[in-house]
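J.: below are the sequence and a predicted model; questions follow.
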Amino acid sequence: MIKTSLIVVGLALAIVFPFVVTSPYYQHLVITIAIFSILLLGLDIVFGYTGEVSIGHSALFGIGAYVAGCLVHHKLLIVQPFGGSLDFLIAIVLGTVIAAVFGALLALPALRVTGPYLAMVTLAFGTIIQILINETTELTNGPLGITMQKPLFIDLRPYADTFPFLKMSVKAMKELEFYFICLAALVLTIIGVNRLLASHYGRAFEALRDAPIASDCMGVSVYKHKVLAFVASAGMAGLAGALFTFSEQYIAPNNFSFDLAIQFLLAVTMGGRKSRLGPILGAVIIVFLPNLLADIALFRQIALAIAVVAVLSGGYALMQKPEDPWSIIVPVALCIAFYAFSLFLQKITDYKLTVFGLMILFVVYYLPDGIVGFLKKVVSSFAPNLVRTHAVIDTKGDEAHIWAATAPKAAATGEALLDVKAALMQFGGLKALDNVDLVVKPGTIHGLIGPNGSGKSTMMNVLTGIYVPTGGDFRFDGSSISGLKSPEIAAKGIARTFQNVQLFSELTVIENVMVGLHHTYRSGIPAVALGLPSAKREEQAARVRAASILGFVGLAHLANEEARNLPYGKQRLLEIGRALALDPKLLLLDEPAAGLTAPDIKDLMEIIRKIKAHGITLILIEHHMDVVMSVCDQVTVLDFGQKIAEGPPAAVQANPRVIEAYLGGSATTEPAH
Amino acid sequence: MTLKTGFAALAATLALASAAAAQDIKIGLTGPFTGGSSSMGVSMRDGVKLAVEEINAAGGVDVGGKKTKITLIERDDEAKNELGVQIAQELINKEKVTATVGFINTGVSLASQRFYQEAEIPVMNNVATGTLVAKQFPAPNYIFRTSANDAIQSSMIVDEAIVRQGFKKPAIMADSTNYGQLGRTDLEAALAAKGVKAVAVEKFNVKDTDMTAQLLRAKEAGADVLLTYAIGPELAQLANGMAKLGWKVPMIGSWTLSMASFIDTAGANGEGAIMPQTFIQQPTTPKRKAFIEAYQKAYKVDRIASPVSAAQGYDSVYLLAAAIEQAKSTEGPKVREALENLGKKIEGVVTIYDKPFSKDDHEAISGNIPVMGIIKGGKVEPAHPEDIAGDKAVRVKPKA
Amino acid sequence: MFEYLLSQLVSPVFWQLIASGVAVGMIYGVIAFGYQLTFATSKTLNFGQGEALMLGALVGLTVAPYTSYWLMLPVVAAFGLLQGSVVERLGVRQAIKIKSEAGWIMATIALGIIFKNLAENIWGRDDLKFPPPISEKPLSFHGVNVLPMELVIVAGAIIMMLLIELFNRRSIYGKAVVATSNDRDAAGLMGINTGLVITFSYALSSLTAAIAGVLVAPVTLTGATMGSALGLKAFAVAIIGGLSSGFGVVVGGLILGITETLTGYYFSTGYKDVPGLLLLLAVLSIKPSGLFGKSAIKKV
């Protein structure tokens, strides 16, 4: 409620603003903020949500700007009083689309790499684009730049009597109209981004950042979704760029430099990642900062304000008797010192970059989640309900929606569901899998046991495409899966859990399951951003199924907790739930009972049996022998990468080679684990 | 710095607008004071401040019988176009300046001055040299200039190289910024006017450390002189690169060859470089002597980092002040008209300004004013002493 | 076409370009080496590496008149160690603690900005001349000219890298680096002070940058802005070579340096930087961890 009213008030203020503050200076500042906000909201998708650093956004911004600029420069559009609006629209749309295409061009080869490598790729891309803009004088007018005019959409001069409060000069009218266009573009962008991030795409972006391997194994291709995130982000940068051209009315190649890209990153970091307000606040900061740091009197006032806020909030925090008072005292003292520094600073222009640098350091140190993150924390200490980081999903599930509509085809033919021949996996000189054959019959639970380092998990990783096997033939459900990547294998119907739990830790429990349901969605990004009914239906259906699956694994009451806050045992159950969401034919469980208490293990065995009862075949890696012995139909034993025994549990248990290699002479003792 | 001044600053902070400042004539001062081209910006700023201090010390500007002080509103544009635009808007709409002086970078100038034009506020470009700068708008044009534009400079460079020294195969070396590339266009045009074509036209980026490829291309093309359009550090790399290749041809180029960063870092390799100068740090007239001494005293330096920027900055303030006095007003259109019809002769550092501007000519510096300077013993000296001998020391713009 | 290429191979111009490319490439390489040092221990980089180089050069310039060029080197080395430690303590440690990728990137950039601005105010805004310790007269080999200082750069860079490699391989510190690089948490449990190892790697990295600074300063220019462009080029070099390979940065540097001069001469000086960057993109699309980088086995 409060949030809605805040939004309404904010919007109302933005609408009234140009009529109250008629100074073109402030109007232009707000327009620039709106334009940068659009870009930064897009950058946040890449930087905040998928967690990749892009130094190429200034170039994408430049591409959008130059598409609009070149259209005007080469008189491909004629911006004129009436009818000019269509031309303007064409320029904006083309700017967005072409920047998105360049985004894809950059992302397709670039996103196989990550971290600093990706940062370098985007930097190289940005440099190349800047050189091209500078050198292709025929197209871009080179270093001289392009000059253009703002369009006038509706000439209100004949209606001067109707709108007595308007300035009737063409210039003021252009500025006013352009203000509302930028405001509208920003509002639409926010709505679109909100919808995108609340959709299965948004969950995929966060999933691939938290646990890329698990994400691939849930059929959510890390690569594909990074490219998508990049393309969406590039499109927004292009939109911002095209608007920027009309706003500045002059663009030149040096507008779109490396420095600008760094400023964009700083803006998102300072404002706060993974929020809508953060990037907008960041835009406000980078637009106002040069002014702030130019005027010593203004700078001192701001420094004083910061010090006062710091003292007040620090004082309040200290009264709460925190565990580590120094972590509060130090930043407050720094804020006061900063104010003192501002009083003694005489020539601010000479030291403004130092001040800027200090501000960034302060944010990195004491506000790691940016200013918005800090504010959220403060507000939530007063009113926890006001701040939500996740959408609360309270859809109720039922038994009817646990399982996929089409049950896996029960292969009564007796044909193997999984048929592995001579699997070989070599790491350097080490053979982690040495010519292992594995046949799993449909509808069974197949145990895979062996001492630590015997190759069980390697087999899992090879089966799910995480490792590319050195050799061997892998057939699943009648077709070869050799050489397929994890998402493709997941799509064929193999799901898994992980020995070291790999949940999407910052997503809620139900969202984790919904990532598993990614394959049930058909809507593309445009459908999601426009909020089409088909997209809404899909989302609703997925919620019902996710809630039902949570009910099945007994986590319904924890649906809206963040996954990282669950106890260990519950995390393991959640992994099973998430894997079930994939509607697998074959489910690989990697030590599901590890770390579980005795009653939990009982529940687990019940769940495993139920899964089998619904026609899903399972492979179970487990050290708890009682679990293996009681649920498995067939057991394969590995040792040093080789298969040493296979057969029904009882027979394997009695096999002297197994006892010697694995059980160490006593069939009933469990290895300490 | 004492605690007392700290508290004074605190008091000033709390006082939102000081009453005294409100009546002053506000003049915007903008240029790059940090970053790559800041040495020119800072010299220009210091020249401007010196002039303002002198005027204020003498009581201020006489606006319709009332002596009014000048307040400078100083803004660092970091040589960034978009920042220049923002500053222009701020100075116009928030600070409500009477006029603005400054602009080092042609790109920033081209991007920002449209706002002054729309707001009818005069701008004195005192360093930017792009030929387009002063004629971006038709009359009534609010953009004036006190520096020698690229067309003037390039024709001087070509005259010196082709006519005076008789070189036949010039190579053009320009940086890839709009300063270098606009200058290159002007150089090519000036060469064409003399019926000569450059044997090589090469480009380099700001902060490039190796010029071997560019120089080899010029050398292989048989160049006998390098015509340059770039700024100090890269020019020094060119001179040093030639020394490395064991190839020595004269460098003749735009005024930036006089930047301290070129002279110092090129050292012996930079000796003999020739460039057009509106002002050489030599006390050839009493006015120049006074200016140099005042500058040295105020900023505690012996050598001015960029004497041309400082002198042009200094003069731009005096021209503006004279126009305000003549207009008896701080209104933009009246100041512009006064500038276009200045009645009083003003003795500046660069020249004596006698009706420097007219309705259609906003360039205070004409082709005859700059002289060629040459680097000798780490200092800029007149290349042809006869050019400034006797009454030629002060060269005045011819009457239209 | 073939004959033209052949004729170029015997022309002194070609070899002059190669020689200059090698000199430039070694400058890039030695800076890139610093990136590799910190990446090995902490998977982080100092985006202010160019500024570390600049500070080294300027400190050297200030100290040199009181000593000699060669005596000034230990002072610069000590300064580099100190500066690197400061960067790590102020910029990186906190970010590593909270596992924030954005944190260390922003913090090292911020420190770079601060260092540059302070240098601008201390040493002025103009580039300065760094008096070279040896003759400035070029040496000529069959029409190919090189500056004596360029030879010093190449030799100095190689010696410094070899010394550090040796130190890393032979000393107990080196073993701690390998352990920290393989698994920081496990190394910590084994009693290795991983924080100290990381700090020291930053100190070493800035040391290489500072020494590189005084090596290259007589050839390039010396001033507050000298490091920014070099730092970025070196970053490209480190990525081409692979962040986990000391040998890679040398090869990467040579590739980039030579590509630049050859493109400038044979193609166009305006597009000089483009082929090197395209090459970088090509390398990464084939080998995502650089030419000599080890691709890590995914741990599941």
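T.: Alright, I've got the coordinates. Numbers count the residues shown, from 1 in each chain, chains lettered A, B, ... in the order given.
J.: can you pull the pLDDT of the residue in chain B that chain C sits nearest to?
T.: Relative to chain C, the nearest point of chain B is residue B:213 (2.8 Å; CB to the nearest CB). For glycine as for every other residue, the C-beta is placed from the backbone atoms N, C-alpha and C. According to the prediction, residue B:213 has pLDDT 90.
J.: and if you look at residue A:426?
T.: On the pLDDT scale, residue A:426 gets 88.
J.: can you confirm it is in a strand?
T.: Yes. Counting by DSSP: H, G, I helix; E, B strand; the rest coil, residue A:426 is found in a strand.
J.: my guess is residue B:95 meets residue B:26, correct?
T.: Yes. Look at residue B:95 against residue B:26 with CB atoms under 8 Å: they come within range, at 5.7 Å.
J.: list residues touching both of the two?
T.: Both residue B:95 and residue B:26 are in contact with residue B:73, where contact means CB atoms under 8 Å, 6 or more residues apart in numbering or on different chains.
J.: tally of neighbours for residue A:126?
T.: The burial count assigned to residue A:126 is 26, neighbours taken as other CB atoms under 10 Å in any protein chain shown.
J.: cool, and the one 4 residues further on?
T.: Using other CB under 10 Å, residue A:130 has 21 other residues around it.
J.: state the distance from it to chain C.
T.: Here the criterion is CB to the nearest CB, to the nearest Å. By it, residue A:130 lies 10 Å from chain C.
J.: so that residue belongs to a helix, correct?
T.: Yes. In this structure, residue A:130 lies within a helix as judged by three-state DSSP.
J.: so it touches residue A:260, yeah?
T.: No. Between residue A:130 and residue A:260 there is no contact under CB under 8 Å: 10.1 Å.
J.: picking up where we left off before, with adjacent residues omitted, what lies nearest to the residue of chain B closest to chain C?
T.: Among residues not flanking residue B:213 along the chain, residue C:264 sits closest, at 2.8 Å (CB to CB, 6 or more residues apart in numbering or on different chains).
J.: same thing with residue B:182?
T.: residue B:130 (5.0 Å).
J.: before we move on, what about residue A:332?
T.: Leaving out its chain neighbours, residue A:332 is closest to residue A:314 (CB to CB, 6+ apart), at 3.6 Å.
J.: can you pull the buried residues of the helix or strand containing the one you found?
T.: Element membership for residue A:314 (DSSP states H and E) is helix A:296-319. Neighbour counts using 16 or more other CB atoms under 10 Å in any protein chain shown place A:296-304, A:306-307, A:310, A:313-314, A:317 of helix A:296-319 among the buried residues.
J.: picking that back up, quick check: the gap between the residue of chain B closest to chain C and residue B:269.
T.: Going from residue B:213 to residue B:269 by CB to CB, to the nearest Å gives 18 Å.
J.: between the two, which is the more surrounded one?
T.: Legend: neighbour count by other CB under 10 Å for residue B:213 and residue B:269, higher for residue B:213 (28 against 20).
J.: tell me which element that one falls in.
T.: helix B:212-220.
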